[in-house]
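**Q** Whatever this is, show me its structure:
(3 chains)
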Amino acid sequence: MDTHLRKRLEIIVEAPLQRRIIELLEAEGLRGYTVLPCLAGKGHDGAWQEGELSAAGAMRLIVAIAPEALARRVLASLRDLLVDYAAVVTLSDVEVIRGDHF
Amino acid sequence: MDTHLRKRLEIIVEAPLQRRIIELLEAEGLRGYTVLPCLAGKGHDGAWQEGELSAAGAMRLIVAIAPEALARRVLASLRDLLVDYAAVVTLSDVEVIRGDHF
Amino acid sequence: MDTHLRKRLEIIVEAPLQRRIIELLEAEGLRGYTVLPCLAGKGHDGAWQEGELSAAGAMRLIVAIAPEALARRVLASLRDLLVDYAAVVTLSDVEVIRGDHF
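**A** Sure thing, here's the model as predicted:
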């Protein structure tokens, strides 16, 4: 079966940044994303746990799939947006079935 | 330390499809999987958010690890099952410690 | 834009082991991690679902990013800690923007 190479973009950020990141993804032309809840973590700014933080402070994991050129353009924009935040942004290789969807 | 190469299969689907996908994974001989909740997203069918959708419409992320040949067989079966749905299916490379478990 | 190669460590375990795994990650020098909730799954010990298990028995997905040498050291320590448990531990390649954070 044919598959297509794409990039998987994974972004871990504080919940209040979710809206701005999704706006950025859509402005760059990304066609989809998924947001998952996080329970606890530790980052550049120290450890946190749901309940300790205000609801607004909870973390989110945002996943999106894109062609490599678009993913790298998004990565550059995310770097500028997140320069002052304790976000984690990673890029990795994936194969997808329906290349026309991403 | 020795590790073993396997494939990581990641499937994002509407909750009502979870049972059928797990039945497919088990029928194909996959020995394990994990289901995570999603909070919001946007796909081929438009944007959604938990609470907007009925509980039944919430999304799930299903992760499973398998040897490459099995993973590709599962991918082909998933393509047939999901042809009419806005699912995201990706395959990627991972190393595992205990090759006899996957 | 320059990116840096790192390893993504993903650990799926029962919630009661979360604390010991995070202690291990910190003892090995890992600078961050994120914990996500799981809803259901099937592993070496059989299938489970949130609500069936006691709250203590729910599963967690722990993600962390590290340089390769550190990730492999952590992998060896995790193998020893988890030898009697139905955990899933995977290692994969990622690119990150801010190499000084990981």
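
**Q** can we go C-alpha only for contacts and neighbour counts from here?
**A** Will do.

**Q** Contacts made by the helix of greatest length in chain A with the rest, please.
**A** Secondary structure of chain A per DSSP state H: the longest helix is helix A:68-81. Applying CA atoms under 8 Å, 6 or more residues apart in numbering or on different chains, the contact partners of helix A:68-81 are A:6-9, A:21, A:24-25, A:28-30, A:65, A:89, A:91, C:1, C:97.

**Q** I'd like to check what contacts the lengthiest strand in chain A. Which residues are they?
**A** With secondary structure taken from DSSP state E, chain A has its longest strand at strand A:4-14. The contact list for strand A:4-14 (CA under 8 Å, 6+ apart) reads A:56-68, A:71, A:86-99, A:102.

**Q** quick one: residue A:62 and residue A:38 touch, right?
**A** No - in this structure, residue A:62 is not within contact of residue A:38 by CA atoms under 8 Å, at 10.3 Å.

**Q** Which positions in the longest helix of chain A come out as buried?
**A** For helix A:68-81, a neighbour-count test (16 or more other CA atoms under 10 Å in any protein chain shown) marks A:68, A:70-72, A:74-75, A:78-79 as buried.

**Q** Report the inter-axis angle for that helix versus strand A:4-14.
**A** 10 degrees (axes from the mean of the first three to the mean of the last three CA atoms, to 10 degrees).

**Q** now helix A:68-81, how far from the chain's geometric center?
**A** 11 Å (CA atoms, centre = their mean, to the nearest Å).

**Q** Could you do stretch A:62-71 as well?
**A** 9 Å.

**Q** next one: stretch A:23-42
**A** 4 Å.

**Q** Take the buried residues of helix A:68-81 and write them to JSON lines, including pLDDT.
**A** Compiled in JSON lines, the buried residues of helix A:68-81 are given as follows (pLDDT from 0 to 100):
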{"residue": "A:68", "pLDDT": "97"}
{"residue": "A:70", "pLDDT": "97"}
{"residue": "A:71", "pLDDT": "97"}
{"residue": "A:72", "pLDDT": "97"}
{"residue": "A:74", "pLDDT": "97"}
{"residue": "A:75", "pLDDT": "95"}
{"residue": "A:78", "pLDDT": "95"}
{"residue": "A:79", "pLDDT": "92"}
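
**Q** Distance to residue C:42 added to the residues you listed, as a markdown table?
**A** Formatted as a markdown table, the buried residues of helix A:68-81 follow (distance: CA to CA, whole Å):
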| residue | distance to residue C:42 |
| --- | --- |
| A:68 | 33 |
| A:70 | 36 |
| A:71 | 33 |
| A:72 | 35 |
| A:74 | 35 |
| A:75 | 35 |
| A:78 | 36 |
| A:79 | 37 |
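
**Q** In helices only, show me the contacts of strand A:4-14.
**A** Reading helices off these with DSSP H, I get A:68, A:71.

**Q** Report the buried members of the contacts of strand A:4-14.
**A** The buried subset of those - by 16+ other CA under 10 Å - is A:57-66, A:68, A:71, A:86-98, A:102.

**Q** Check the offset of the longest strand of chain A from the chain's centre.
**A** Offset of strand A:4-14 from its chain centre (CA atoms, centre = their mean): 6 Å.

**Q** Please name the strands paired to that strand in the sheet, noting orientation.
**A** Here strand A:4-14 has these sheet partners by DSSP bridges: strand A:59-66 (antiparallel), strand A:88-96 (antiparallel).
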